[in-house]
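In: predicted model and sequence follow; I will ask about them next.
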Amino acid sequence: MQITKIDLKEFLDILLPDPEIQKFIFLLQEISQKRKEFLYFAGGIVRDYFIKKWYKREIPSFKDLDLVLEGDLTEFLKELFKKIKGKIILRSQFLTYKVKISLNTKEFLVDFITARKELYEEIAKLPKVFPSNFKDDIFRRDFSINALIVGLSSPYESYLIDLVNGIEDLKKGIIRPLYLNSFIDDPTRVFRGIRYKIRFDFDFSKEFFLALKIGSEKSSFKKLSPSRISNELKLYLIKEPEKNLKSLLQTTFELNIFEKLGIKVKKENFDSLIEIIKVLKDHINSIEIEKAFLLGLIDLEVLDDAYKLGFNEFDIKRMKKALEIIKMKLNFWNNLKLIEKVKIFEKIKPFYLLVLAVSYPFLKGEVIEFLKTLKKMKPQLTGEDLKKFGIKEGKEIGRVLELLREKIIEGKIKTKEDEEKFVKKLILNK
């Protein structure tokens, strides 16, 4: 066991510079000292301290804070809540509490975790967990660079503890699993390893490739549930910088992870998918973007693979229907009027449209234009306005509004005044 004294104030100043949060940390330290329980930082926050210090990398401010207690977390939190405003918003089967802390000027989330031991009874299934000590808690982690801890209280206050040569791996810039069966127990660790590699520009160790081979031989990746696969892939999109997305997908493909999952992806879709998401992320909601990202990875001719990404039968039927609609129009697509294309697009949910634009490049520009602008175009005149022109209530108003919209989309009407002129002309002609 390597134990190294560190400057705790410097540690906090680098990663948690806010004075209010530091005051909160020292309160936690005081409570754990009083209770004679070992409280420590673990995982990403310790890793990022050294990455920022040694590599001078910009590390985002921590939105969620992770702290581990070797002791009775329930009683610890009761004592904390006597001194500060906070409430438990989630308690999990894995001995973790998500707590909302309210300070004078801010609110933030803290994950409090009981030091624990894990037992994997089946391949790729979630483990059973038991309260334990900090050593067991270290050895249950995924990679050596995430298995470092910094003590906040006795017996290791202001000490870095390294049981797995994580510091050496950080210095070398390598991603090494803690044991060779790591991807059998939890195959999702591969996705996290890929994210760390790309995020920090590190390399995989030889043990990483050996663990990958062992996991593949046991078919562990094919035993992952669709929800766990989709959650890990979505983290590429929502947790990592946009500029890293192509490298993340490329690395996953080159490691044959998709193949090991039994999913046929189209590598040639990556560039188009990333471009479309980048252009449209502010024009459709985040859930639809995530769905488009997942569905856009696969070959639409093998839609059954979508089940493995968490899509249900209804989703897949809708996608097949959208495909049929487009395929029926393929031969004469270029002869269709713009309003006709708009009406076709309106029958298809936005995330299916994005996927179609990836698979059919000739649609890309038109889908982008539709979702960015054309979809939102509508007359400034209302049904009430049309009644004042003498147009009868009911279907006639609907027909006129539709005609107005068609002219607006075609660029023939641009202002409210143009709309009024068009309606007056329509009435005269009638």
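Out: Looks like it arrived, so ask away.
In: now Phe81: how far from Tyr55?
Out: To Tyr55, Phe81 is 38 Å away according to CB to CB, to the nearest Å. Just so you know, the C-beta spots here come from the backbone N, C-alpha and C atoms, and that holds for glycine as well.
In: give me the domain ranges for this structure.
Out: Per the record, the chain has its domains at 2-169, 173-262, 286-376, 383-429, by automatic domain parsing.
In: for the ones you listed, which one sits closest to Asn269?
Out: Closest to Asn269 of the domains of the chain is domain 286-376 (CB to CB; 5.2 Å).
In: the closest one: end-to-end distance?
Out: End-to-end distance of domain 286-376 (CA to CA, to the nearest Å): 18 Å.
In: quick one: it to chain centroid distance?
Out: Averaging C-alpha positions (CA atoms, centre = their mean, to the nearest Å) puts domain 286-376 22 Å from its chain's average.
In: equivalent analysis for stretch 383-395, please.
Out: Taking CA atoms, centre = their mean, one finds stretch 383-395 lying 48 Å from the centre of the chain it belongs to.
In: give me the mean pLDDT for the helix or strand harbouring Ile149.
Out: Using DSSP states H and E, the element containing Ile149 is strand 148-151. Averaged across strand 148-151, pLDDT comes to 96.
In: quick one: contacts of that strand?
Out: By CB atoms under 8 Å, 6 or more residues apart in numbering, the surrounding residues in contact with strand 148-151 are 6, 8, 11, 38-42, 46-47, 49-50, 68, 134, 137-138, 157-162, 166-167.
In: only whichever of those residues are buried, select them in ChimeraX.
Out: Typed into ChimeraX, the line below selects the buried ones among the contacts of strand 148-151, using 16 or more other CB atoms under 10 Å:
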select :8,11,38,39,40,41,42,46,47,49,50,68,134,137,138,157,158,159,160,161,162,166,167
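In: of the contacts of strand 148-151, which belong to strands?
Out: 38-42, 68, 159-162 (DSSP state E).
In: in JSON lines, list those along with pLDDT and distance to Gln2.
Out: Conversion of those to JSON lines gives the following (pLDDT from 0 to 100; distance: CB to CB, whole Å):
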{"residue": "Phe38", "pLDDT": "97", "distance to Gln2": "17"}
{"residue": "Leu39", "pLDDT": "97", "distance to Gln2": "20"}
{"residue": "Tyr40", "pLDDT": "97", "distance to Gln2": "15"}
{"residue": "Phe41", "pLDDT": "96", "distance to Gln2": "16"}
{"residue": "Ala42", "pLDDT": "93", "distance to Gln2": "16"}
{"residue": "Val68", "pLDDT": "96", "distance to Gln2": "19"}
{"residue": "Tyr159", "pLDDT": "96", "distance to Gln2": "10"}
{"residue": "Leu160", "pLDDT": "97", "distance to Gln2": "8"}
{"residue": "Ile161", "pLDDT": "97", "distance to Gln2": "7"}
{"residue": "Asp162", "pLDDT": "97", "distance to Gln2": "4"}
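In: which of these sit farthest apart?
Out: For these, the farthest-apart pair by CB to CB is Leu39 and Asp162; their separation is 18.1 Å.
In: could I get the domains of the chain as TSV with distance to Asn269?
Out: Listed next are the domains of the chain as TSV, based on distance: least, CB to CB, whole Å:
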stretch	distance to Asn269
domain 2-169	27
domain 173-262	9
domain 286-376	5
domain 383-429	29
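In: out of these, which gets the lowest mean score?
Out: Averaged per stretch, pLDDT over those is lowest on domain 383-429, reaching a mean of 85.
In: re the thing from before, sheet-wise, list the partners of the strand holding Ile149 with their directions.
Out: Strand pairing for strand 148-151, determined by DSSP bridges: strand 38-42 (antiparallel), strand 159-162 (antiparallel).
In: closest one to Phe94 among these?
Out: The minimum distance between Phe94 and these falls on strand 38-42, with 14.1 Å, by CB to CB.
In: tell me where the stretch 1-150 of the chain has strands.
Out: Remark: strands assigned in the stretch 1-150 of the chain by DSSP state E, counting those that start in this stretch are 2-5, 38-42, 64-70, 85-91, 96-102, 107-114, 116-119, 128-131, 148-151.
In: tell me who's in contact with Arg199.
Out: Counting by CB under 8 Å, 6+ apart, Arg199 makes contact with 240-241, 244.
In: filter the residues you listed down to the buried ones and hand me the ChimeraX line.
Out: Listed next is the ChimeraX selection for buried residues among the contacts of Arg199, using 16+ other CB under 10 Å:
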select :240,244
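In: nearest to Ser272 among the contacts of Arg199?
Out: Nearest to Ser272 among these: Asn244, at 17.6 Å, using CB to CB.
In: find the nearest non-adjacent residue to the closest one, please.
Out: Using CB to CB, 6 or more residues apart in numbering and skipping the chain neighbours, the partner closest in space to Asn244 is Ile198 (4.9 Å).
In: count the neighbours of that neighbour for me.
Out: Ile198 has 22 neighbours, counted by other CB atoms under 10 Å.
In: confirm it sits in a helix?
Out: Yes. Ile198: assigned to a helix according to DSSP: H, G, I helix; E, B strand; the rest coil.
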